[in-house]
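Student: Pasting a predicted model and its sequence here:
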Amino acid sequence: MAREPWYENEEFWETFRPILLGETRYSAAAKEVQDVIALGRISVRSSLLDLCCGTGRHALEFARQGFQVTGVDRTEKYLEIARKQAHEEGLSLELVKEDARSFSRPNAFDGAINLFTSFGYFEDPEDDRRVLRNLHRSLKTGAPFVIDLMGKEILARVFKERDWLEEDGLIMLEERKLHKNWSWIENRWIILKNGERKDFELSHRLYSAFELEQILKECGFEEISVYGDLAGAPYDHMAKRLVAVAHKGN
């Protein structure tokens, strides 16, 4: 019997939620949303797709600013957190449990986002194209799509084979290995807390700026610009992230 892919493992997402989506991440969401709006020139109060929305930290912020937001994610517990927060704040927010490879709503959105390295999880490269084609199909003509990854060039500059952090009595150990000519990274994450140990393996595809631009073009996107962060810094030796803004053509 084939092992369940790591991104379908609900225990993984719940275990690492405090680290991946802690208070620091939430406090950064308002600024990141403002940057995305400016970078993508997304019209205020328009319809927006947040693909792989997680617990909704960006989707909720867009909703607070009057956008008609649809958040899509495959992790039910994360969607429950987003639903609860939206209810508490009286926000109108559509949340859909679906795989990014299958979600499509033709010509429905004025803009789309995919942030925080939420792309490239699938072993088959055609699945990445399927996600992007669905996104392209779901956008209205001329609509922008903003994607944010850890670029291959940045990783080469900062790469550490092993790393660790300690926070609030929790210790996290990380081990990384590169494969397939720098196109794939395998990670091993270990959590130690209250005498308990949890061990997970996760992996994903790595994209350079050129490779990301090419796959976006293959999937129908036009007018593609690349930046070094959500604020629009150049994608150079000082870049912190690989951010691309692409548009659905005519």
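Tutor: Received the coordinates, thanks. Here the structure is a predicted model, which is why all the values come from computation and not from measurement.
Student: doesn't residue 209 make contact with residue 147?
Tutor: No. Contact criterion C-beta atoms under 8 Å: residue 147 and residue 209 do not qualify, at 11.5 Å. Using the backbone N, CA and C atoms, a C-beta is placed for each residue, glycine as well.
Student: Counting residues, name the longest helix you see in the chain.
Tutor: Using DSSP state H to define each element, the chain has its longest helix at helix 23-40.
Student: got the angle for the helix or strand where residue 80 lies vs helix 23-40?
Tutor: Taking DSSP states H and E as the criterion, residue 80 maps to helix 76-89. For helix 76-89 against helix 23-40, the angle by axes from the mean of the first three to the mean of the last three C-alpha atoms, to 10 degrees is 80 degrees.
Student: Tell me which residues are up against helix 76-89.
Tutor: 10, 13-14, 17, 53-56, 59-60, 63-64, 71, 73, 91-93, 95, 97 (C-beta atoms under 8 Å, 6 or more residues apart in numbering).
Student: Which members of the residues you listed are classed as buried?
Tutor: 13, 17, 53-56, 59-60, 63-64, 71, 73, 91, 93, 95 (16 or more other C-beta atoms under 10 Å).
Student: Grab the two from the residues you listed that are most spread out in space.
Tutor: 13 and 64 (24.0 Å; C-beta to C-beta).
Student: hang on, the earlier thing: mind checking what helix or strand follows the helix holding residue 80 in sequence?
Tutor: strand 93-97.
Student: And the contacts of that next one?
Tutor: 53, 56, 59-60, 63, 69-74, 76, 79, 82-83, 86, 103.
Student: from the chain's centre, how far out does that strand sit?
Tutor: Its chain's C-alpha centre and that of strand 93-97 lie 16 Å apart, by C-alpha atoms, centre = their mean, to the nearest Å.
Student: any idea of the angle it forms with helix 76-89?
Tutor: 170 degrees.
Student: Which parts of the chain belong to which domain?
Tutor: Following automatic domain parsing, the chain resolves into domains at 6-150+207-248, 155-202.
Student: would CSV of those with mean pLDDT be doable?
Tutor: Shown next, in CSV, are the domains of the chain (pLDDT from 0 to 100):
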stretch, mean pLDDT
domain 6-150+207-248, 97
domain 155-202, 94
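Student: Just name the most buried of those domains.
Tutor: Mean neighbours per residue, mean count of other C-beta atoms under 10 Å, is largest over those for domain 6-150+207-248, with a mean of 18.
Student: measure that one end to end?
Tutor: End-to-end distance for domain 6-150+207-248, by C-alpha to C-alpha, to the nearest Å: 31 Å.
Student: mind listing the strands for this protein?
Tutor: 47-51, 68-73, 93-97, 111-114, 144-149, 162-167, 170-179, 184-193, 196-205, 221-227, 242-248 (DSSP state E).
Student: what touches both of residue 147 and residue 209?
Tutor: residue 244.
Student: Identify the bridge partners of the nearest residue to residue 248 once chain neighbours are set aside.
Tutor: Ranked by C-beta to C-beta, 6 or more residues apart in numbering and with sequence neighbours excluded, the top spatial neighbour of residue 248 is residue 139, at 4.2 Å. Beta bridges link residue 139 to residue 109, judged by DSSP bridges.
Student: Tell me who's in contact with residue 139.
Tutor: Residues near residue 139 by C-beta under 8 Å, 6+ apart: 49, 107-112, 145, 248.
Student: State the pLDDT value of residue 4.
Tutor: With respect to pLDDT, residue 4 scores 88.
Student: measure residue 216 to residue 226 for me?
Tutor: To residue 226, residue 216 is 10 Å away according to C-beta to C-beta, to the nearest Å.
Student: wait, residue 222 sits on residue 145?
Tutor: No. Under the criterion of C-beta under 8 Å, residue 222 is not in contact with residue 145, lying 10.7 Å apart.
Student: residues shared between the contacts of these two?
Tutor: What both residue 222 and residue 145 touch, as defined by C-beta under 8 Å, 6+ apart, is the set 246-248.
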